[in-house]
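Student: sharing a model that was predicted from the sequence below.
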Amino acid sequence: MAIDKSLSLVLLLLWAMVLSSTINAASFMESQAEMEALLKWKASLLERQALSSWSLLPNANASTTQDSSPYNWTGISCNSAGRVTGISLHDAGLQGKIDNLSFSSLPNLAHIVLDQNALFGAIPTQIGTLSELVTLKLSSNQLSGSIPKEIGELKKLTMLNLSHNHITGSIPSSLGNLTNIVNLFISDNQISGSIPQQVGNLKFLDQQAAAANLLNGSLPATLGNMINLHFVFLCGNEISGPIPSEIGNLKKLMMFQVCANLLAGSIPSNLGNVTTLESLLLFENHFHGSIPPQIGNLYHFADLRLFENNLTGPIPPSLGN
C-alpha cells in the first residue's frame, strides 16, 4: 500500500512537471510570436529611430535573458508572464503603415497609444480581436479608410481617439456596442453619413467629439439616453433638422457645441432644464423663432453664441439671471 502511494505521488509530480513544462513552452512560443510581430512592424517603418531598443540581441551590459525581451523595449509594457500588454509611443517620430502591425499576434494588448506620429494606411479589421483593449489612441496621424465595424467588438474599450486623420466613410453602428466607452473622439476627419441611433447605448460616455467632418442627417433622439454626457462637440458638419427635445434629459451636460451646421427649428425650451450647462454654441445655423426665456435658468453659463441664425423677437429679460 505504501509503495502504491509513493508511486502515485511520483507519477503526480512527474505529471505536474510535464504540464508546467508544456505551459512554459507554450507561453515562450506565444511571447516569441509577439516579439516577431513587433520586429516585423519595426522593419516595415520608414522612420523608426525611436525603436532602437527593439531587438532580440541582448544589450552590451545584459545580465539576464530578460534584457533581450520586450520588457526593456521602448514603449512596450508586459505582464508578469512576459506577454505584451501595451504599446505607448506618443509623438515618437514613427512613419509607416499601421496595418503592417499584426494586432492579432498581440492578443493581450490593453493599451495602444500611437498618437502624434506619421502613420498611414487603414485601421486593420483585425483590431477587433483585441478583447482586452481599454485604450486606443491613434489621433494626429495620416490614417485613411473607414472606421472598421470590428471596433464594435472591443467591449472593454473606454477611450477611442481617431481625431486629426484622413478617415472617411460613415460611423459604424457597431460603435453602439462599446457600452463601456467614456471618451469618443473622431473630429477633424472626412467622416460622412448620419450619427447612428445606436449611440444612445453609450450610457457611460462623458465626451463626444465629432467636429469638423462631413456628417449629415439629424441629431438622433437617442442622444438623450447618454445620461453621463458632459461634452458634445459637433461643430463644422452638415447636420440638419431640429435639436431633439430629449437633449433636456442630459442633466450633467456642460458643453453643447453644434455651431456651423444646417440645424433648423426653434431652440428647445427644455434646454433650461440642463442647469449644468456652461457653453451653448448654436451660431451659424438656421434656427428661427424666439430665444426661450428658460435660458435664464442656466446660472453656470459662461459662453452663449447665437449669431448668424434667423432668430426673432426680443432678448428675454431672464438672460439677466
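Tutor: In hand now; what should we look at?
Student: quick one: the strands in the stretch 1-150 of the chain?
Tutor: Secondary structure of the stretch 1-150 of the chain by DSSP state E, counting those that start in this stretch: the strands cover 76-78, 84-88, 95-97, 111-113, 118-122, 135-137, 142-144.
Student: and the fifth one, which strands flank it?
Tutor: Paired neighbours of strand 118-122 in the sheet (DSSP bridges): strand 95-97 (parallel), strand 142-144 (parallel).
Student: and the last one, what's its mean pLDDT?
Tutor: To tie it back to what came earlier, the one meant is strand 142-144. The pLDDT scores in strand 142-144 average 98.
Student: what's the answer for the first one, then?
Tutor: Strand 95-97 comes out with an average pLDDT of 97.
Student: can you mark which positions in that strand are buried?
Tutor: Within strand 95-97, the residues that count as buried by 16 or more other Cβ atoms under 10 Å are 96-97. Just so you know, the C-beta spots here come from the backbone N, C-alpha and C atoms, and that holds for glycine as well.
Student: hang on, isn't residue 99 packed against residue 119?
Tutor: No. Here residue 99 lies out of contact with residue 119, judged by Cβ atoms under 8 Å, at a distance of 9.4 Å.
Student: out of the two, which sits in the more crowded spot?
Tutor: residue 119 (24 against 20; other Cβ atoms under 10 Å).
Student: so who does that one touch?
Tutor: 94-98, 138, 141-143 (Cβ atoms under 8 Å, 6 or more residues apart in numbering).
Student: could those be laid out in JSON lines, adding distance to residue 177?
Tutor: As requested, those are exported to JSON lines (distance: Cβ to Cβ, whole Å):
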{"residue": "94", "distance to residue 177": "30"}
{"residue": "95", "distance to residue 177": "33"}
{"residue": "96", "distance to residue 177": "30"}
{"residue": "97", "distance to residue 177": "27"}
{"residue": "98", "distance to residue 177": "22"}
{"residue": "138", "distance to residue 177": "19"}
{"residue": "141", "distance to residue 177": "24"}
{"residue": "142", "distance to residue 177": "27"}
{"residue": "143", "distance to residue 177": "21"}
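Student: of those residues, which pair is most distant in space?
Tutor: Pairwise distances across the contacts of residue 119 peak at 14.2 Å for 95 and 138 (criterion: Cβ to Cβ).
Student: what residue ranges in the stretch 101-250 of the chain score low on pLDDT?
Tutor: Along the stretch 101-250 of the chain, the model assigns pLDDT under 70 to no residue.
Student: re the thing from before, distance to residue 224 added to the strands of the stretch 1-150 of the chain, as CSV?
Tutor: Shown next, in CSV, are these (distance: least, Cβ to Cβ, whole Å):
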stretch, distance to residue 224
strand 76-78, 39
strand 84-88, 36
strand 95-97, 41
strand 111-113, 32
strand 118-122, 34
strand 135-137, 27
strand 142-144, 32
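Student: of all those, which one is nearest residue 226?
Tutor: So among these, strand 135-137 is nearest, using Cβ to Cβ, at 19.9 Å.
Student: can you list the strands that that closest one pairs with?
Tutor: Determined by DSSP bridges, the sheet partners of strand 135-137 are strand 111-113 (parallel), strand 159-161 (parallel).
Student: out of those, flag the one nearest residue 231.
Tutor: Using Cβ to Cβ, those put strand 159-161 closest to residue 231, at 13.7 Å.
Student: residues touching the helix or strand just after that closest one, excluding its own?
Tutor: Next helix or strand after strand 159-161 toward the C-terminus (DSSP states H and E): strand 183-185. The contact list for strand 183-185, computed with Cβ under 8 Å, 6+ apart, reads 139, 158-163, 175, 178, 202, 205-210.
Student: 10 Å instead, please
Tutor: 135, 137, 139, 157-164, 171, 175, 178, 199, 202, 204-211, 231, 233 (Cβ atoms under 10 Å, 6 or more residues apart in numbering).
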